[in-house]
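J.: Predicted coordinates and the sequence they were generated for:
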Number of protein chains: 2
Amino acid sequence: MTYCCGILVRDGLVLIADTRTNAGLDNIATFRKLHVFEKPGERVLMLATAGNLSVTQGVVNFLNEGFENPETGEIESAMTAQTMLQAAHLVGRAVRRSLQEASPSGEQASGVSFDVSLLLGGQIGGGAPRLFMIYTAGNAIECTPDTNYLQIGEHKYGKPILDRAVNYESDLYDALKIGLISMDSTIRSNLSVGLPIDIALLRRGDMKLEVSTRIDANDEYFRDLRESWSKALRAAHMAIPAPPYRGREP
Amino acid sequence: MTYCCGILVRDGLVLIADTRTNAGLDNIATFRKLHVFEKPGERVLMLATAGNLSVTQGVVNFLNEGFENPETGEIESAMTAQTMLQAAHLVGRAVRRSLQEASPSGEQASGVSFDVSLLLGGQIGGGAPRLFMIYTAGNAIECTPDTNYLQIGEHKYGKPILDRAVNYESDLYDALKIGLISMDSTIRSNLSVGLPIDIALLRRGDMKLEVSTRIDANDEYFRDLRESWSKALRAAHMAIPAPPYRGREP
């Protein structure tokens, strides 16, 4: 399993991804799911991946090495897209192409799911930072200020805090913090989501990442965040008065 | 969809259930999912249901009206079980019987799922309060102090708070409060879980319910709890310092 979330705020965007993959519960490994394609001064693309690893690795390879656009005959890669929208369509084509290689007949082989979902965030040239989710079919949706985050993978445990604590006007580093709390809730509840976590933070107008790092089990800030958050939750419910219900009605 | 949770603490147990049912998103209704079978002084049984409504209504009817135990030939109902374990087995037989009526051939008719899951909590005679989960196959697991809650239906959104804030030594009314917070998180994130909520609270050693009531949208305590909890969550994350990550590593 996987948990990744992308948060879009006025000042930029944040992507967070865990690194645990599993084929069954007894086959667990660590793979990077947050990939960066960057040419400082010109473009920053961040791609977070969930689902079938052979398909998503194929997508990353196509984006790195380039592949032919059947309509124009040109070779396109993450470095050639002129806008974020073009980049989202490119990722969609890479998904379809990778899927075809992984499963040429389009069939599910022996119950294996080839489904994937991806988050693509970034900024190209003078454009605004944009965040997209791309599905197995290669189609995409875009994040907007109304709901300013997108999630892939095991999204439920970490959703309540996002719904309550983050919006388009949030500070960029607050968005990162809340994303980390959301990740912590997911890691605690689903064994197949695990440390280390990769994070990337892009400020609006910048054409390079402001933060790109990996958080592991020894990271002091994340350890403190987990502990503070647990304490705060306990304190929060203790501050609410006891339920007044007694007896039976109606 | 549905969300119900049962919490077992040293002093007793609490069951909480929403009331929303849906067949598709465009066919929403209100049905009671928390059923009480009680003979004050002798027994209290609480049953929370999730899944196919025709099957779960069948189960409740069998428990109310009684049905034959094929091994003994006797008519058994919620009022005849001598222990909580017998009651859990009885519910399992009622599930199998109801399933047979709803789907005699054991087939899935036109994609409809006949799956159900149920929580059975209560106390009979001098026995301890016990809490069981019963599956579609009629088999059951029992809640123990190690993990002192059980959930059915849409369980993920409401799990983080239970994992962090409740344990077997929690106060009985704290358990109710945390169950309501867990329900609130679920209602906010899944449209198919909705008010009103039915709650029941049983104190260890009592042979009648201490609380049995319904919470609707006008309930002042629940409204305050939702608001306080949202505020507390916002305050909790604001008290955590901003992430210190800058630049790129490694």
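T.: On my side now, so go ahead.
J.: Just checking: what are the partner strands of the lowest-mean-pLDDT helix or strand in chain A?
T.: Of all helical and strand segments in chain A, the minimum by mean pLDDT, DSSP states H and E falls on strand A:247-248, at a mean of 85. Sheet pairing of strand A:247-248 (DSSP bridges) gives strand B:211-215 (parallel).
J.: Quick check: what element follows the strand it pairs with along the chain?
T.: Sequence-wise, the next helix or strand downstream of strand B:211-215 (DSSP states H and E) is helix B:220-238.
J.: How far does that next one sit from its chain's centre?
T.: The chain centroid and the centroid of helix B:220-238 are separated by 23 Å under Cα atoms, centre = their mean, to the nearest Å.
J.: the helices in chain A, which residues?
T.: Applying DSSP state H to chain A gives helices spanning A:53-65, A:84-102, A:159-165, A:172-189, A:220-238.
J.: Which one, of those, ends up nearest to B:A17?
T.: helix A:159-165 (19.5 Å; Cβ to Cβ). For glycine as for every other residue, the C-beta is placed from the backbone atoms N, C-alpha and C.
J.: I'd like to know which elements that closest one is packed against.
T.: Applying 3 or more Cβ pairs under 8 Å, 6 or more residues apart in numbering or on different chains; DSSP states H and E, we find helix A:159-165 packed against strand A:149-153, helix A:172-189, helix B:172-189, helix B:220-238.
J.: could the ones you listed be laid out in JSON lines, adding distance to A:W229, mean pLDDT and mean neighbour count?
T.: Listed next are the helices and strands packed on helix A:159-165 as JSON lines, based on distance: least, Cβ to Cβ, whole Å; pLDDT from 0 to 100; neighbours: other Cβ atoms under 10 Å in any protein chain shown:
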{"stretch": "strand A:149-153", "distance to A:W229": "18", "mean pLDDT": "98", "mean neighbour count": "24"}
{"stretch": "helix A:172-189", "distance to A:W229": "6", "mean pLDDT": "96", "mean neighbour count": "24"}
{"stretch": "helix B:172-189", "distance to A:W229": "15", "mean pLDDT": "96", "mean neighbour count": "24"}
{"stretch": "helix B:220-238", "distance to A:W229": "7", "mean pLDDT": "91", "mean neighbour count": "17"}
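J.: which residues are in contact with the least confident helix or strand of chain A?
T.: The list of residues contacting strand A:247-248 from outside it, by Cβ atoms under 8 Å, 6 or more residues apart in numbering or on different chains, reads B:L209, B:E210, B:V211, B:S212, B:T213.
J.: now do 6 Å
T.: With Cβ atoms under 6 Å, 6 or more residues apart in numbering or on different chains as the test, strand A:247-248 has contacts from B:S212.
J.: now swap in stretch A:77-84 and tell me
T.: Stretch A:77-84 is contacted from outside by A:F37, A:L45, A:L63, A:G66, A:A87, A:L90, A:I124, A:G127, A:R130, using Cβ under 6 Å, 6+ apart.
J.: Just give me the least confident of these.
T.: pLDDT across the contacts of stretch A:77-84 is at its lowest for A:G127, which sits at 91.
J.: Contacts only, for it.
T.: A:T83, A:M84.
J.: for A:S103, same thing?
T.: Listed by Cβ under 6 Å, 6+ apart, the contact set of A:S103 reads A:F114.
J.: Could you rerun that using 10 Å?
T.: With contacts defined as Cβ atoms under 10 Å, 6 or more residues apart in numbering or on different chains, the neighbours of A:S103 are A:N52, A:S54, A:V55, A:A109, A:V112, A:F114.
J.: Which one (most neighbours) among those?
T.: Ranked by the number of neighbours (other Cβ atoms under 10 Å in any protein chain shown), the contacts of A:S103 place A:V55 first, at 24 neighbours.
J.: Hmm, that residue is touching A:I134, no?
T.: No: when contacts are counted by Cβ atoms under 10 Å, A:V55 is not listed as touching A:I134 (11.7 Å).
J.: and for those two, which residues touch both?
T.: Both A:V55 and A:I134 are in contact with A:T49, A:A94, A:V95, A:V116, A:L118, where contact means Cβ under 10 Å, 6+ apart.
J.: Just the closest of these to chain B, please.
T.: In terms of Cβ to the nearest Cβ, no member of the shared contacts of A:V55 and A:I134 lies closer to chain B than A:T49, at 20.0 Å.
J.: circling back: now the helices and strands packed on helix A:159-165 in a markdown table, with distance to B:D198?
T.: Converted to a markdown table, these look like this (distance: least, Cβ to Cβ, whole Å):
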| stretch | distance to B:D198 |
| --- | --- |
| strand A:149-153 | 31 |
| helix A:172-189 | 25 |
| helix B:172-189 | 10 |
| helix B:220-238 | 12 |
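J.: So which of those is nearest A:G12?
T.: Among these, the nearest to A:G12 by Cβ to Cβ is helix A:172-189 (5.0 Å).
J.: In CSV, list the C-alpha atoms belonging to that closest one.
T.: C-alpha atoms of helix A:172-189 as CSV (Å, rounded to 0.1, in the frame of the first residue of the first chain):
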residue,chain,number,x,y,z
LEU,A,172,3.2,26.8,3.1
TYR,A,173,5.1,25.2,6.1
ASP,A,174,1.8,24.8,8.0
ALA,A,175,0.6,22.8,5.0
LEU,A,176,3.7,20.6,5.2
LYS,A,177,3.2,20.2,9.0
ILE,A,178,-0.5,19.1,8.5
GLY,A,179,0.6,16.8,5.7
LEU,A,180,3.0,15.2,8.1
ILE,A,181,0.3,14.8,10.7
SER,A,182,-1.9,13.2,8.1
MET,A,183,0.9,10.8,7.2
ASP,A,184,1.4,10.0,10.9
SER,A,185,-2.3,9.1,11.3
THR,A,186,-2.0,6.8,8.3
ILE,A,187,1.2,5.1,9.4
ARG,A,188,-0.2,4.4,12.8
SER,A,189,-3.3,2.7,11.4
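J.: returning to what we had before: the least confident helix or strand of chain A: how far from the chain's middle?
T.: Chain-centre distance of strand A:247-248: 47 Å, with Cα atoms, centre = their mean.
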